[in-house]
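Novice: A predicted structure for the sequence below; I have some questions about it.
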Amino acid sequence: MRPEFEAFLARLYTDAPLRARFLADPRAESARHQLTAEECDALERIDRVGLEFSARSFAHKRALKRGARSWWDSLRQLRRRSRNP
Amino acid sequence: MAAGEGGVVAVEARDRFGITWQPALAAGILANLDRIDVVEVIAEEQFAASSRAARALETLAHQVPLLVHGVALGPASTAPVDSRRLDKLARLVDRVKPAFWSEHLACVRAGDIEIGHLAAAPRTRATIDATAANLARATSVVGSRPMVENIATLMEPPASDCSEADWVSSVVDSADCDLLLDLHNVYANSINFGFDPIAYLDRLDPERIGAIHLAGGCWMEGPPEGGPHVSGGPHASGGPHVAERRYLDDHLHDVPDPVYALLSEVGARVRRPLTVVLERDGRFPPMRDLLWQLDRAREALGEGRARLGRRGAACEERPQI
C-alpha cells in the first residue's frame, strides 16, 4: 500500500469528473495516475456501487461541515461587527 | 475515580451506559444523570469551543465521567497522523480527564485531500502496520492509549487481502489498543457485504473489547449519482449480495433490534466491564425514548452476561475426568 494509492482513492471519493472517467475505464484512468499494475488490477475490481454511494455520503458530510463552518463564521462576523460598528 | 495514565481517569469496575453529548440533548442529559453513567464528547467539536463552552465542559466533567471521542485523526493511513490534531487532542484529554479517549480505524484524508468522513482503509498488512505506528504516536503524544473503533463502510476497500474482522483484530493486537466495538457498524457492514455478524464477533478477542457503540441507520436507495454506469458492465463487482442500495450508519434513527441482539452476544462473550454509548446525532426523539434505548441496552447486555454466568457455572459443575 502506497500513499499514492490512498491519495487516488481519496480523489475518487471527492472528484466527480475523475470518478466518471474512472468508472468509464478504470484501468486507463488508474494508469494515468502512475499506479502500479497491482494497484490498477485492484481498482479494476472495485466495488463500483459502493464507490458511488460512498462518494455521495462523503459529499453530504463535507456539505454539512461547510454549513456548520459558515454558521460559525457568520456568527463571529456578526459579533465583530457589533463590537466595531 | 483515581487518576490513571496521562490525563485519563481509571474506569470503575462495572458496566456503564451513556450517551453522546449534543447541545440539543443537554437539558435531558443533565436532568437524568441518575440514569446516565457516562457522557461522550466529540473531540473536534471541543477544539474550537469558546472559553465559556470549555468551562461548561469542565463543569460537566465534574458531574459525570466523560469519554473523548475523535472523528478526524484518521490513523488508518500510510501517512503519519497530523501533529497539530494530536496536540489538540492531548490538551483536551489533559483538561477534561476522560475515562478514556477513542478514535476510528479510518482514513479521513490522503495527500492534500480531505475526504469529509471516515473511509475504510484497504485491509492489508501494510495498513495494519501503518495504523499501529500512528496509534503508537498518538499514545505517546496524548499520554494514554486510545480505544479504537471499527467503522461502517458503504464500499469494500479495494486491494484488501483479509476480512474486516481479521484486519480490526490485527490492528488491535499490533497497536496494543482495546476495541470500541460499534455494533451498528458491524450490523450495517454485515447487511451491505453479506457476512454473518455473529461470525464477526467470534473473530474478535473478547478480552480486547472495552466499549460498545450503539446507533441506528437507514437505507440509501440507488441508483447513486453518476447514473447508469454504476450497474453491470465488464468492471462491475460481482456477488449476489451487491445490491443497488446500501444500509447507512446515520446516527439519526433508533437502535434496531438486531443490534441489541448483538449486544447480548457480546455480553455472552466478554467478562470485563463494558462502557456502552448510544450515539444520536440528530432527529432527536424525546429524552424518554433515548433513556428507554439505554434501558434496552442494559437488559440486552445483562441477558448475555447471565448466559455467560450460566455457562461458567456449568463448566465448574462438570465432573473432572
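Specialist: Nice, thanks for sending it over. Numbers count the residues shown, from 1 in each chain, chains lettered A, B, ... in the order given.
Novice: so which strand or helix has residue 56?
Specialist: If you meant another chain, say so; for now it's chain A. For A:Arg56, the host element (DSSP states H and E) is helix A:48-83.
Novice: Hmm, no, I was thinking of chain B.
Specialist: Assigned by DSSP H and E, B:Ala56 belongs to helix B:51-63.
Novice: What residues of that helix count as buried?
Specialist: Under the neighbour-count criterion of 16 or more other CB atoms under 10 Å in any protein chain shown, helix B:51-63 has B:Leu57, B:Leu60, B:Ala61 buried. Quick note: C-beta positions are derived from backbone N, CA and C, even for glycine.
Novice: Show me what the mean pLDDT comes to for the next helix-or-strand element following it.
Specialist: Toward the C-terminal end, the helix or strand that comes next after helix B:51-63 (DSSP H and E) is strand B:66-69. Strand B:66-69 comes out with an average pLDDT of 98.
Novice: Identify the neighbouring strands of strand B:66-69 in the sheet and state each direction.
Specialist: strand B:38-42 (parallel), strand B:100-104 (parallel) (DSSP bridges).
Novice: residue contacts, the residue of the stretch 151-300 of chain B found nearest chain A?
Specialist: Closest to chain A within the stretch 151-300 of chain B is B:Met155: 2.9 Å, counting by CB to the nearest CB. By CB atoms under 8 Å, 6 or more residues apart in numbering or on different chains, the residues touching B:Met155 are A:Ile46, A:Asp47, A:Gly50, A:Leu51, A:Phe53, A:Ser54, B:Ala120.
Novice: quick one: the helices in chain B?
Specialist: B:26-31, B:43-47, B:51-63, B:83-96, B:125-142, B:164-175, B:183-193, B:197-203, B:257-267, B:287-317 (DSSP state H).
Novice: Can you point out the buried residues in the fifth one?
Specialist: By neighbour count on 16+ other CB under 10 Å, the buried set for helix B:125-142 is B:127-136, B:138-139, B:141-142.
Novice: nearest to chain A, of these?
Specialist: Lowest distance from chain A to the buried residues of helix B:125-142 (CB to the nearest CB) belongs to B:Thr127, with 5.5 Å.
Novice: Can you find the helix or strand in chain A with the smallest mean pLDDT?
Specialist: Ranking every helix and strand in chain A by mean pLDDT, DSSP states H and E puts helix A:48-83 at the bottom, with a mean of 76.
Novice: before we move on, back to that, in terms of secondary structure, what does the helix holding B:Ala56 contact?
Specialist: With contacts defined as 3 or more CB pairs under 8 Å, 6 or more residues apart in numbering or on different chains; DSSP states H and E, helix B:51-63 has these neighbours: helix B:43-47, helix B:83-96.
Novice: Including mean pLDDT and mean neighbour count, could those helices go into CSV?
Specialist: Shown next, in CSV, are the helices and strands packed on helix B:51-63 (pLDDT from 0 to 100; neighbours: other CB atoms under 10 Å in any protein chain shown):
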stretch, mean pLDDT, mean neighbour count
helix B:43-47, 93, 18
helix B:83-96, 96, 18
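Novice: would TSV of those helices with distance to chain A be doable?
Specialist: Below are those laid out as TSV (distance: least, CB to the nearest CB, whole Å):
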stretch	distance to chain A
helix B:43-47	9
helix B:83-96	15
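Novice: Now render these as a markdown table, adding distance to A:Arg2.
Specialist: Formatted as a markdown table, the helices and strands packed on helix B:51-63 follow (distance: least, CB to CB, whole Å):
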| stretch | distance to A:Arg2 |
| --- | --- |
| helix B:43-47 | 28 |
| helix B:83-96 | 22 |
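Novice: if we can go back for a sec, restrict the buried residues of helix B:125-142 to contacts with chain A.
Specialist: Counting by CB under 8 Å from any CB of the partner chain, B:Thr127, B:Ala130 from the buried residues of helix B:125-142 sit close to chain A.
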